[in-house]
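S.K.: Need a 3D model of the sequence below.
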Amino acid sequence: MKGQIFILISIFVLLFLFSLKISTETPEVRQEDVFFEEFSNLKRELVRTVDISILNQQNLQNNLDDFIVFSKEFYSKKGYAEEVEYSISTAGSLTTVYLNMSLSTDKSYLKQSLIIKRTLAVFV
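M.R.: Here you go, the predicted model:
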């Protein structure tokens, strides 16, 4: 009887250890996932630069140029090639930014075009 209880307890301990091992394994991060995340970060920060510049009534062109210089250096250190082209159109309180951006490596390439329209209304 004692032997059967010992075997049952051993089986439960082994099952517990096995399930603990499975639940603590870290997922594998693929290079494609990291590349897409970097591209998403670039897009988000470009849109954020436009938003903050317009909200704070700062020079949008200078802020975009400064960010692009920074991001090109940042991504080149990671082995990525970045290209960002933009044009700005202003009509009254409406500012429109036409943005073409791409990020590439030896194996991957992503490109996206954005049209960002923002209106700044100042209440007195």
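
S.K.: List the buried residues of the helix ranked longest in the chain.
M.R.: Once the chain is assigned using DSSP state H, the helix that runs over the most residues is helix 31-55. Within helix 31-55, the residues that count as buried by 16 or more other Cβ atoms under 10 Å are 35, 38, 39, 42, 43, 46, 49, 50, 53, 54. The C-beta positions use only the backbone N, C-alpha and C, and glycine is treated the same way.

S.K.: For residue 112, state which of those is nearest.
M.R.: residue 43 (6.5 Å; Cβ to Cβ).

S.K.: wait, what's in contact with that closest one?
M.R.: Going by Cβ atoms under 8 Å, 6 or more residues apart in numbering, residue 43 touches 101, 112, 114.

S.K.: Those residues, buried ones only, as a ChimeraX selection?
M.R.: Burial among those is assessed by 16+ other Cβ under 10 Å; the matching ChimeraX selection reads:
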select :101
